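1. Need a 3D model of the following:
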Amino acid sequence: MEKIQQLQKEIEKAITGKSKQLTLILSAWLAGGNILLEDIPGVGKTTLAVAMSRAMGISYQRVQFTPEIIPSDIVGYTSYQPETGTYVYQEGAILCHLFLADELNRASGKTQAALLEAMEEKQITVDKETRKLPDPFCVIATQNPYGAVGTQKLPQSQMDRFMVRLSLGYPDHESQIKIIQMRACANPISEIQPVMTKEELLECKEKVKQVEVHDTVLDYMVSLAEETRKHPYVQIGVSPRGILALYNMARAYAFMAGRNYVIPDDVAEIFSAVCAHRIVKNGKGEHRTREQIMEEVLKSVPIPKKK
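-> Have a look, this model is predicted:
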């Protein structure tokens, strides 16, 4: 746990005033999930990914998605070598520990689909040959708000593969002053030092799997998901896959708080980040945001009392 605290503190050298979001991001990473950052340009999404990779001492690749990016740019391809008469695999950008898919919603549907297997199975298939991705592996994708020029809506099948959807948002007034002062002297990324080895990170992920979830807390998770399906403004509610993501994320969030058990408050605090992007609103819900619907669901399901 001490190592995780050191990791967060090291990353915060480059990302100022975003402790809550960083806790959620690191929790998703420890839970084995992928992260979607939906934000405007210039709020530190790329800086965050670079800072994480440096602090963890892991490999990192970034691809700026455009309509011209094709699947083989991501997963690689095989090429024929006439000298040897054999086919040789040429690695794609995704062969790394942390893959930043920048502005994913600018890519074609075919290219977006190429990421699905990697995100879900931690592997890729090229010319019928399957290759395991490095362990640990995580996708951090960024998405401009839908409606920006050159963007298209990510399909629900893709959205469902992200454990959390977050927005960094603008820093507060004091944080902005601090950012300008730091950037005027040097790039804070250059000060980030590895504070955790890959082996220590994998060990933490194993410890997360040992965090206990009481039956009453699991019942609370399922009840929340079921309530989303009954909501008058929701056409498609949270699926069993979404409940599993909530379960795994809650264990990691509890671990980040220094506990080996999940409490109902953990579930309530992460519920919107894990589940809001998984619902599909109906025609009556156009005037409500997904986050507002999540708040209504939380209020309608009683929090289990301590025994």
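2. Check which residues of the host helix or strand of L202 are buried.
-> Using DSSP states H and E, L202 maps to helix 198-208. The neighbour-count check on helix 198-208 (16 or more other Cβ atoms under 10 Å) flags 198, 201, 204-205, 207-208 as buried. All C-beta atoms are positioned from the backbone trio N, CA, C, and that covers glycine.
3. now the helix or strand bottoming out on mean pLDDT in the chain, how far from the centre of its chain.
-> In the chain, no helix or strand scores lower on mean pLDDT, DSSP states H and E than helix 173-185, which sits at a mean of 79. On the basis of Cα atoms, centre = their mean, to the nearest Å, helix 173-185 sits 26 Å off its chain's mean C-alpha point.
4. Would you mind writing the CA trace of it as CSV?
-> Extracted as CSV, the C-alpha positions of helix 173-185 are listed here (Å, rounded to 0.1, in the frame of the first residue of the first chain):
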residue,chain,number,x,y,z
HIS,A,173,-7.6,28.6,-9.8
GLU,A,174,-4.7,27.7,-7.4
SER,A,175,-3.7,24.6,-9.4
GLN,A,176,-3.6,26.6,-12.7
ILE,A,177,-1.2,29.1,-11.1
LYS,A,178,1.0,26.2,-9.8
ILE,A,179,1.0,24.6,-13.3
ILE,A,180,2.1,27.8,-15.0
GLN,A,181,4.9,28.3,-12.5
MET,A,182,6.1,24.8,-12.9
ARG,A,183,6.0,24.8,-16.7
ALA,A,184,7.8,28.2,-16.8
CYS,A,185,10.9,26.5,-15.2
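5. contacts for that helix?
-> For helix 173-185, the external contacting residues (Cβ atoms under 8 Å, 6 or more residues apart in numbering) are 16-17, 170-171, 188.
6. Tell me where the chain has strands.
-> 35-38, 60-64, 76-81, 86-91, 98-102, 123-126, 129-132, 138-143, 164-166, 234-236, 280-281 (DSSP state E).
7. Pull the first one out as PDB, backbone CA atoms only.
-> What follows is the C-alpha trace of strand 35-38 in PDB, where atoms were taken according to Å, rounded to 0.1, in the frame of the first residue of the first chain:
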ATOM      1  CA  ILE A  35      -9.800   4.000 -18.800                       C
ATOM      2  CA  LEU A  36     -11.700   6.400 -21.000                       C
ATOM      3  CA  LEU A  37     -10.900  10.100 -20.500                       C
ATOM      4  CA  GLU A  38     -13.600  12.300 -22.100                       C
END
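8. And it, what does it pack against?
-> On a contact count with 3 or more Cβ pairs under 8 Å, 6 or more residues apart in numbering; DSSP states H and E, strand 35-38 meets helix 19-30, strand 138-143, strand 164-166.
9. looking at the ones you listed, which is closest to I70?
-> Among the helices and strands packed on strand 35-38, strand 138-143 comes nearest to I70, with 17.4 Å by Cβ to Cβ.
10. Spatially central residue (nearest the centroid) of the protein, please.
-> I35 (1.1 Å; Cα atoms, centre = their mean).
11. ok, so of the contacts of helix 173-185, who is nearest L100?
-> Ranked by distance to L100 (Cβ to Cβ), those are led by P188 at 17.6 Å.
12. out of everything not next to it in sequence, what's closest to that closest one?
-> A14 (4.3 Å; Cβ to Cβ, 6 or more residues apart in numbering).
13. That neighbour and S190 touch, don't they?
-> No. Between A14 and S190 there is no contact under Cβ atoms under 8 Å: 9.3 Å.
14. quick one: which of the two has more around it?
-> A14 (22 against 9; other Cβ atoms under 10 Å).
15. can you tell me which residues contact that one?
-> By Cβ under 8 Å, 6+ apart, the neighbours of A14 are 44, 47-48, 50-51, 188-189, 191-192.
16. So which bits of the least confident helix or strand of the chain are buried?
-> The neighbour-count check on helix 173-185 (16+ other Cβ under 10 Å) flags I179 as buried.
17. Great, nothing more from me.
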